[in-house]
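Asks: A predicted structure for the sequence below; I have some questions about it.
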Amino acid sequence: MFVTAAITAPRTVQAQREAPRGSYLLFSGAFAGGYGGQLGIINARDFFTREVLILGDFHAALDPGNGSNQVVFLIGGALRVFGFDRMIGNAAYRGFDLDLGFRVGPGFTFSTRETRADKNRRFNLFLEPYLRLSVGVGSRNALLFEWATTRPNVRLGFWLGL
């Protein structure tokens, strides 16, 4: 009897967990393609997310001879791939989600060694497609791994439920 309970308990616990839904505060740090992080608010639903983020890359601040720093304000959203499976197929939450998304917003770039021409090109419009894997932790939190096209490209972080 104990063996049966030990084998079936993990599936039962997983089936009872719910996918992250609602509003979250997102924190992440970047370790590849730049040094920086992002801070934002995510509103997660079954099929999609809505997002407002501030993204910073401060690679040139840490290594002055290398590129420029940037701060970007992004809004966008993502389709939750496994949300369709949960809603249409009535599947249980797997413990993770895969989000395919797109963000857009203005950005400001600056460098430690700017020329007059560089100062005139500080403002940019950023278009950022991204892929995010989020893993549920507890009832209202999630860890995340994100790959995107805007520097810094690879980000690790977490969602905190509001």
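Replies: That came in fine, so what should we check first?

Asks: Please name the bridge partners of the residue nearest the centre of the chain.
Replies: Nearest to the mean C-alpha position of the chain, by C-alpha atoms, centre = their mean, lies residue 146 at 5.1 Å. Counting by DSSP bridges, residue 146 is bridged to residue 132, residue 155.

Asks: Contacts only, for it.
Replies: By C-beta atoms under 8 Å, 6 or more residues apart in numbering, the contact set of residue 146 is 28, 130-133, 154-157. C-betas here are computed from N, CA, C, even on glycine.

Asks: Adding distance to residue 41 and pLDDT as columns, could you present those in a markdown table?
Replies: What follows is the contacts of residue 146, written out as a markdown table (distance: C-beta to C-beta, whole Å; pLDDT from 0 to 100):
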| residue | distance to residue 41 | pLDDT |
| --- | --- | --- |
| 28 | 13 | 95 |
| 130 | 16 | 97 |
| 131 | 20 | 97 |
| 132 | 15 | 96 |
| 133 | 20 | 96 |
| 154 | 22 | 93 |
| 155 | 16 | 94 |
| 156 | 19 | 96 |
| 157 | 13 | 96 |
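
Asks: what helix or strand does residue 83 sit in?
Replies: Counting by DSSP states H and E, the element that carries residue 83 is helix 81-88.

Asks: Skip ahead from that helix and say which helix or strand is next.
Replies: Next along the chain after helix 81-88, taking DSSP H and E as the criterion, comes strand 96-110.

Asks: quick one, strands of this structure?
Replies: In the chain, the strands defined using DSSP state E lie at 22-32, 36-44, 48-57, 69-80, 96-110, 123-137, 141-148, 154-161.

Asks: List the buried residues for stretch 145-160?
Replies: Across stretch 145-160, burial judged by 16 or more other C-beta atoms under 10 Å covers 146, 148, 150-153, 155, 157-159.

Asks: looking at it, residue 129 is touching residue 102, isn't it?
Replies: Yes - between residue 129 and residue 102 a contact is recorded at 5.2 Å, counting by C-beta atoms under 8 Å.
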